[in-house]
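> I'd like to go over a predicted model; first the sequence, then the structure.
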Amino acid sequence: MGFPVNRKRVQRLMRHIGIQAVYPKLRLSLGNKQHKIYPYLLRDLIVSRANQVWSVDITYLKVGGGYMYLVALIDLHSRYVIDWELSNTLETDSCVEMLNRAVKRFKPEIVNSDQGTQFTDEKWIAVLKENGIAISMDSKGRCLDNIYIERFWRSLKYEDFYLNDYQTVPELRAGVKRYIDFYNNRRWHQALGYKTPAIIFWEKQPVALCTSPSDQPEPYGMCGQTMDKMLVTSKTMLSTLLPTV
């Protein structure tokens, strides 16, 4: 409005009036001290089969002028995304809806989560207990306890979300669905011996690795390269290095 003012005065007045910016904080899953906290069950556990352990977490995705919250369940043995749900709030209901769908198809032995209020809520705990599923929770301040699903968030954001400027919720939902289908069924994992999560989860026979690179759509996996491009590049390099006969 034309009045000179420095940053410190604005901060002081905002604190005095109680004004603060509204945006997703780094810690989405804040705990509720009234909820029971369950012990961490994965320490020294060897995960050797599908549906032995599932991991669950929440992340936020910016769309248009707001934010949506994505919750997902991932199988630790295969890295297979079991189910997911997109919501415009951090309420427990969307998480419980996803969990109910998942346990109708598969029954894990353990579900591991952080100590966020969504996963200590009685509604979430009740579904796990009704299905005889052991409850495991990360130790406070140990983000690496849930590292596999954190790695999935990174893959989703760097390989799809940051490359697309989603402006509407339907666009975002379609993009997430498309990427998770790719992640489960077509994206190789070095830790899985260059097999896909679906192959490990469903114990399918692996495809021949010599024909696989051309099956990776751009820009995923091959940094924009396909097998045809790689062959052309290789021939060009060889022609410059080898003497002409």
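That came through, no problem. Every value quoted in this text rests on a predicted model; they were computed, and no experiment measured them. Numbers count the residues shown, from 1 in each chain.
> quick one, strands of this protein?
53-63, 66-75, 81-87, 110-113, 134-137 (DSSP state E).
> neighbours around the residue nearest to L90 when sequence neighbours are not counted, how many?
Excluding the flanking residues, the one nearest L90 by Cβ to Cβ, 6 or more residues apart in numbering is Y69, at 5.7 Å. Yep, even glycine has a C-beta here, placed from its N, CA and C like the rest. Residues within reach of Y69, counting by other Cβ atoms under 10 Å, total 20.
> how about residues contacting the lengthiest helix in the chain?
Determined from DSSP state H, the single longest helix within the chain is helix 169-185. Residues outside helix 169-185 that contact it (Cβ atoms under 8 Å, 6 or more residues apart in numbering): 61, 63, 68, 70, 72, 80-81, 84, 86, 88, 152, 155-156, 159-161, 164, 166, 196-198, 201, 217, 220.
> only the buried residues of that helix, if you could.
Neighbour-count burial for helix 169-185 flags L172, G175, V176, Y179, I180, F182, Y183, N184 (criterion: 16 or more other Cβ atoms under 10 Å).
> what do you get for stretch 91-101?
T92, S94, C95, V96, E97, M98, L99.
> residues contacting the second one?
Looking back up the chat, that one is S94. Y69, V71, E85, L86, S87.
> mind checking how far it is from Q118?
To Q118, S94 is 9 Å away according to Cβ to Cβ, to the nearest Å.
> flag the shaky bits of this protein, pLDDT-wise.
20-35, 140-145, 204-245 (pLDDT under 70).
> so how far is L128 from the residue nearest to N131 when sequence neighbours are not counted?
Excluding its sequence neighbours, the residue lying closest to N131 (Cβ to Cβ, 6+ apart) is V103, at 5.0 Å. With distances taken as Cβ to Cβ, V103 is found 8 Å from L128.
> over to E109?
Counting by Cβ to Cβ - E109 and L128 are separated by 11 Å.
> which residues do the two both contact?
Common neighbours of E109 and L128 (Cβ under 8 Å, 6+ apart) are A134.
> more neighbours: these two, which one.
Just comparing E109 and L128: by other Cβ under 10 Å the higher neighbour count belongs to L128, 19 against 14.
> bridge partners for the residue nearest to that one when sequence neighbours are not counted, pull those for me.
Excluding the flanking residues, the one nearest L128 by Cβ to Cβ, 6+ apart is I135, at 5.4 Å. For I135, the beta-bridge partners are V111 (DSSP bridges).
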